[in-house]
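**Q** Build me a model:
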Amino acid sequence: MGETYTEADFAGDQFRADDLVERVSRTSDVLFAPSSSSSGGKAALGGVNGFGDDETAFGFDPAPLLDTFEQTIRDLWSLHADVARDITLLEEGCRHRVQEQQRTMGRLEDTMGDAFECLEELRDSITEVATKIVHVGDQLEGANAKRSRSVGASRLMKHFEAFMEDDADLLPPFDDLENSNLHDAADLIQKLQFVVSELPAQRFQRVKHRVDVVFEEVESRLRAAFRESFDDHDELKLLAYTLYPFKIYSVCLLDFIKEFIRRNYKTSEDCDVWEALPKTCELAYEVIAEVFRSPEAVMLSFVQEIVHTVLQSYVSSSLQLAAGGGQYLDELHTQFQKCSVLVSKLAKMFDIGIDGHTEAKLLGLIFETCLESYITLEEECLQHSYERQLDQFFQSIGHVRRTAGVKSEPLPPHDEQDTLLSLEVTMTMVHENKRSMERCRSLATPALLPEWSYKIFLKVLDALCMDHISYALGIAMEELPSKKPKTEPFLGFLHVVKDVNSIIYLLQKHFWDNVLPCVRTSLSVYPVCVQRKNQIMVELEEQLATGVERIIGAAVEWLRLLLSKEQKKADFKPPEDAMAVVMNGTCSQACSLCVAFLNRLYAVLSVCLNGKNLVLSLRELGTSFHRILLDHIKQLSINSLGGMLLTRDLTAYDACMQGFEDPVVSDLFVTLRELSALTIVRPENLAQLCEEGRLASADKGTLQVFLQLRSDFKSAKLGQLLK
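**A** Residues are numbered from 1 along each chain as shown. This is a model prediction of the structure:
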C-alpha cells in the first residue's frame, strides 16, 4: 500500500524531490522476490546482464513499483487540488475582510473630521471665555486697586492729620511701635516721609519734624530687628523686603555681611585663606539667594567686603614679614597674583558681574597703599642692585673704580682679552630688569603701565650703557695705540668691542621682548623711550667706530714701519750666483713679520667683529696695506733673482689676504702678484706677458713702475715697451 501525504510533508526549506522519490520507492510492496527455479544457482550467472535470459529469473518485478509511483502521483494531484481550493477560499475571505476594513476606515475618518470640528469650536469658545475672564479680572483689579488706593490714601490722610495736631495722639501703629506691626509702620512712615518732603518747609516744619522723629525710630527698630533675625531666614527675608526702600538698607546689609563673615570665616592648618574664603562665599551665597531681592548685587557687596577686610589684613601681615627691597617686591607680586586668581575664581563661581574693571577695583582695595610707592621702591631697588653688582665685579678683578673729574693712574699692563666688561653681570642685570617688568605688568594699571615700564627700563639702560659700557670704553680709549706707533699696537680695544656688542645684543633683545609690548600702547611714552635708547646706542657706536678706525690706522702704520725697517735694499738684488740660495730660501724678514702680524690681527678682528663691521674693517685693512706695499715696492731695485724673491713675498701676502675673503682685496693682491712677473721674465717676453691675464687690463702707469724696478730697464730699453 502507498503512503498517505499531507501538506506538512512539503512545507519548510528541507524538502527535496530526491528524498520523496526514495521514500516512494521504499514503500513498494515487493522489490525483490526469490525465484523457485533457481536451483544450482546457475541463473545468477547467465545472460549478458547477469540476470539470465528470463527477466524474472532473479525475482525482480517492476510493475508494483510503477503502480506505486502512479498512485503517488494521483495522490499528489488530489492534494494539489485540495490546497488550491483552500487558497481560493482564503483569498476570497481576505478580500471580504479588506473591503470591510476599508468601509470601517471611511466611517472613522468621517467621525474624526467631526471631532476636529468640535475641538476647533471648543477652542474658540474657550479663548472667547478666557478673554472675557481676563477682561473682567482686569476690571476687578482696577476697581480693587482704586479702592485700595483710596483706602490707603484715606488712612494716610488720617495719620497725616494726627501728625498735624500737636496735642493729638498718633494713630496705631505709631502710638505703640514696640508692640505694633513693624512692617506696617515702616510702610506708612515711608509714605508719610515722601509726602512731607513735597510740602513747603516753612508751613509744615513742625509736622515734618514729627514725621522725621518717627521715621528715625522706625529705622532704628528695623535695624535692631534685622540684626536679631540673622538666624531666622524667613523673618530676615521679610525685614529685607521691608527695608529695601529705606536708606538704612545698605547699612543693614553691611551689618549682615560683617556678622556672617565673623561667624563663618575660619582658617586652619589644613584650610588657609585661599581655601577658606571661597567656602565662606559659597555659604553666604546660599543665604543671600534665599533672603534678598537682588542676590547678585548683595553677593557683589559681600565679595567686596570680605576682600577688603580679610584679604587686605592677610596681605598686610605677609608684607610686614617680608624684608625690605627685592624680597618685599617679590612677596608683593606673589600676593597680588594669588589675589587676582582668587577674585577670578569668585567671578566664575558666582554670576555677579565681576568684569575686568570690577576685578581691578577689588584688587585696588587690597593693594592701594602698597601701589602708591611701588614704582619708587622698584627704581630704588634696581639702582642699588646695579651699583652693588658693578662694585663687586670691579672688586673681583682688582680694579679701583675711577671718579669722574679726578686724574687717575693708567692701568697696569694686562692681557688684551682682559676688559672691564662682564657678560655675567650684564645677564644678571637684564634678568633682574625682566623680573621687575613682570611685576610691573601685574601691578600697574593699563594707564600707568607704559610710564612705569619706561622708568624700569631706564635703570638697566643707564646702568649698562652709561655706568658699565661707557666707563669701560673711556678707559679702553686711553689704551688705544698712537697714530704712529713705535711698537706693535695693543689690540685690547677690539676685545672691548666684542664684549660691547654682546651686551648691546642682550639689551636689545630685552627691549624687544619685554619692554616694547608695555610702552607701545602710549603715544607719549613710546617715542621718548625709543629715542632715548637709540640716542645712547648711536653714541656708543660712534665711540666704537672711532676706536676701530684708530686700531686699523695704527696697524697700517705699524706695517709701514716694519717694511721700512726690516726690508733691506739688498733683499731683492742678490748675487747672480745665489740661485740655489734663492730657490731654497724663505720669505724676507719684513714679509714674515708683516704676515705674522696680519694673521694675528685678522684672528682678533674675526673674533671681535661680525657682519658688515668685520667686512668693512678687513677691506680697509687690506686696501691700506696694498697701498703702502705698492709704495714700498716702488722704492726697490730688483734683478732677475730678486724678482723671484719679490714674487715669493707677494705670494705670501696674497695667501694671507685670501683669508680675508673679500673680493676687492683678493683682486688687488692677485694683480700685484702677477705684476711681480714683470721683474722675472726675459725682456723679449715682456710684451706678450703684458697682454695676458690681469696685466692686459692693468694701468699702464703701474706696469711702467714694475718695469722700472728691473735692473736692466735702461739697458734693455724697456721704456719703449708700453708706448
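**Q** CA atoms only for stretch 618-628 - export them in PDB, please.
**A** The C-alpha trace of stretch 618-628 is given here as PDB (Å, rounded to 0.1, in the frame of the first residue of the first chain):
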ATOM      1  CA  LEU A 618      89.100  93.900   6.700                       C
ATOM      2  CA  ARG A 619      88.600  95.700   3.400                       C
ATOM      3  CA  GLU A 620      90.000  98.900   4.900                       C
ATOM      4  CA  LEU A 621      93.000  97.000   6.300                       C
ATOM      5  CA  GLY A 622      93.600  95.100   3.100                       C
ATOM      6  CA  THR A 623      93.400  98.100   0.700                       C
ATOM      7  CA  SER A 624      95.500 100.300   3.000                       C
ATOM      8  CA  PHE A 625      98.200  97.600   3.300                       C
ATOM      9  CA  HIS A 626      98.100  97.100  -0.500                       C
ATOM     10  CA  ARG A 627      98.700 100.900  -0.900                       C
ATOM     11  CA  ILE A 628     101.700 101.000   1.400                       C
END
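**Q** Now do the buried residues in that stretch.
**A** 618, 620-622, 624-626, 628 (16 or more other C-beta atoms under 10 Å). The C-beta positions use only the backbone N, C-alpha and C, and glycine is treated the same way.
**Q** could these go into a markdown table alongside pLDDT, distance to Lys509 and secondary structure?
**A** Putting the buried residues of stretch 618-628 into a markdown table (pLDDT from 0 to 100; distance: C-beta to C-beta, whole Å; DSSP: H, G, I helix; E, B strand; the rest coil) gives the following:
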| residue | pLDDT | distance to Lys509 | secondary structure |
| --- | --- | --- | --- |
| Leu618 | 94 | 27 | helix |
| Glu620 | 94 | 29 | helix |
| Leu621 | 94 | 31 | helix |
| Gly622 | 94 | 33 | helix |
| Ser624 | 94 | 35 | helix |
| Phe625 | 94 | 37 | helix |
| His626 | 92 | 39 | helix |
| Ile628 | 92 | 41 | helix |
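**Q** biggest separation within these, which pair?
**A** Maximum pairwise distance among these (C-beta to C-beta): 16.1 Å, between Leu618 and Ile628.
**Q** Look at Ala655 and say how many residues are nearby.
**A** When neighbours are counted by other C-beta atoms under 10 Å, Ala655 registers 12.
**Q** hang on, I meant Thr426
**A** Per other C-beta under 10 Å, the neighbour tally for Thr426 reads 24.
**Q** again with Leu695
**A** By other C-beta under 10 Å, the residues close to Leu695 number 18.
**Q** Spatially nearest residue to Ser522 (excluding sequence neighbours)?
**A** Pro450 (3.5 Å; C-beta to C-beta, 6 or more residues apart in numbering).
**Q** wait, what's in contact with that neighbour?
**A** 518-522, 524-526 (C-beta atoms under 8 Å, 6 or more residues apart in numbering).
**Q** distance of Glu692 from Asp654?
**A** 18 Å (C-beta to C-beta, to the nearest Å).
**Q** of these two, who's got more company?
**A** Asp654 (20 against 10).
**Q** OK, contacts around that one?
**A** Per C-beta under 8 Å, 6+ apart, neighbours of Asp654: 666, 669-670, 672-673.
**Q** Can you list which of these are found in helices?
**A** Within the contacts of Asp654, residues falling in helices by DSSP state H are 666, 669-670, 672-673.
**Q** any chance of the residues you listed in CSV, with distance to Thr127, neighbour count and pLDDT too?
**A** Putting the ones in helices among the contacts of Asp654 into CSV (distance: C-beta to C-beta, whole Å; neighbours: other C-beta atoms under 10 Å; pLDDT from 0 to 100) gives the following:
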residue, distance to Thr127, neighbour count, pLDDT
Ser666, 104, 16, 91
Phe669, 110, 22, 89
Val670, 109, 16, 87
Leu672, 114, 21, 83
Arg673, 115, 21, 83
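**Q** before we move on, the earlier item: among the contacts of Pro450, name the ones in helices.
**A** In this view, the contacts of Pro450 that belong to helices under DSSP H are 518-519, 525-526.
**Q** I'd like to know how many residues surround Glu416.
**A** 15.
**Q** mind listing what Arg439 touches?
**A** 329-330, 332-333, 378.
**Q** what's the distance between His444 and Gly325?
**A** Let me fix one detail, which is that residue 444 is Ala and not His. For Ala444 relative to Gly325 (C-beta to C-beta), the value is 19 Å.
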